[in-house]
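Visitor: Mind looking at a prediction? Sequence and model below.
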Amino acid sequence: MTEVFDMSFLKNIKPVIAKMREEMIRSDEGRIYLVASADAYGYDVDSDYNIILQDGSIMKSNHSDYDSIVKMAKKDARNSPIWGDF
Amino acid sequence: MALESVELIKTLFSDGWNRANTKQRKPIIQDITTVDPGGKRLDLSRHDAIVLYETAHNEEQPEVFYDFVHTRINVTVDARTVEGRAQLMKMEDEVRRVVHANRKGDGINFDRLLYKTRTDLSDRTKRLHRMTFQVEIVIFSELIV
């Protein structure tokens, strides 16, 4: 007997997985993407997922580099191999 | 004993990188966990950089045998330069060349090396040209000790 599966649900789940991967930059699993992105701009990330400026203070969300760092980290995380290939 | 994944990729790129393919600029190749915080962008004005970090490590159980696993390790290869888009493209070609040159493994540490996806993370307002590549190390039938 041959069963035909409707695989169209995969199309709907793909953006959900991508969003989950983006959000995981502030988790232990995905922190490395935030670290790598901040590192490219010359900053570090602490254990609470705050971006740390060179003087040791926490970068505020209105800093000129903040949005770029987070955006790049999310873009990198979206292509993460975690939870398989989609 | 087999090399750890990031150390392995670092060795492959350090030994295999042909600077003639990247305008005589050989990048600094480093594990992100060993980088001192702060001031890295200043280094990019003198050197290109390849930063490595492990992003996934999975073990699969073969169906028949209890004592072996297949291991797949994903390492992100993060190429950075401030020398322009053309230089980044040269680095991309060289990353791809080195990965494919080692696709069959080394017979000691790993069995396959796969070039998977790439993501452009350039920020032109900062003159930062950056591309990340997912590279997968595959080890077949590793004995569980």
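Guide: Arrived safely.
Visitor: What sits closest to residue 26 if chain neighbours are left out?
Guide: Picking chain A for this. Of all residues not flanking residue A:26 in the chain, residue A:49 sits nearest, at 4.3 Å (Cβ to Cβ, 6 or more residues apart in numbering or on different chains). In this view, the C-beta of every residue, glycine as well, is placed from N, C-alpha and C.
Visitor: looking at chain B here, not the other one
Guide: residue B:19 (4.2 Å).
Visitor: if I read this right, that neighbour contacts residue B:13, doesn't it?
Guide: No - taking contacts as Cβ atoms under 8 Å, residue B:19 lies outside contact range of residue B:13: 11.8 Å.
Visitor: quick one: which of those two has more around it?
Guide: Neighbour tally, residue B:19 and residue B:13, criterion other Cβ atoms under 10 Å in any protein chain shown: the higher count belongs to residue B:13, 21 against 11.
Visitor: can you tell me the helix or strand for the more buried one?
Guide: Here residue B:13 sits within helix B:5-16, counting by DSSP states H and E.
Visitor: Packing partners of that helix?
Guide: Using 3 or more Cβ pairs under 8 Å, 6 or more residues apart in numbering or on different chains; DSSP states H and E, the elements in contact with helix B:5-16 are strand B:28-31, strand B:49-60, strand B:68-81, helix B:85-101, strand B:129-143.
Visitor: Need the winner for burial among the ones you listed.
Guide: Scoring the helices and strands packed on helix B:5-16 by mean neighbour count under mean count of other Cβ atoms under 10 Å in any protein chain shown gives strand B:68-81 as the most buried, with a mean of 21.
Visitor: Is there any residue in it that contacts chain A?
Guide: Yes - under the criterion of Cβ under 8 Å from any Cβ of the partner chain, strand B:68-81 makes contact with chain A via B:74, B:76, B:78, B:80.
Visitor: Strand partners (parallel or antiparallel) of that strand?
Guide: strand B:49-60 (antiparallel), strand B:129-143 (antiparallel) (DSSP bridges).
Visitor: Now do that strand and helix B:5-16, the angle between them.
Guide: 60 degrees (axes from the mean of the first three to the mean of the last three Cα atoms, to 10 degrees).
Visitor: And strand B:68-81, how far out from the chain middle?
Guide: 7 Å (Cα atoms, centre = their mean, to the nearest Å).
Visitor: Let's see it as CSV, backbone CA atoms only.
Guide: The C-alpha coordinates for strand B:68-81 follow below in CSV (Å, rounded to 0.1, in the frame of the first residue of the first chain):
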residue,chain,number,x,y,z
PHE,B,68,29.5,3.1,17.1
VAL,B,69,28.1,6.6,16.3
HIS,B,70,28.2,8.8,13.3
THR,B,71,29.0,12.4,14.3
ARG,B,72,28.2,15.6,12.5
ILE,B,73,29.7,18.8,13.7
ASN,B,74,28.8,22.2,12.3
VAL,B,75,31.4,24.9,12.4
THR,B,76,30.7,28.4,11.3
VAL,B,77,33.5,30.0,9.3
ASP,B,78,33.1,33.8,9.6
ALA,B,79,35.2,35.7,7.0
ARG,B,80,35.8,39.4,7.6
THR,B,81,37.6,42.1,5.7
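Visitor: No further questions, thank you.
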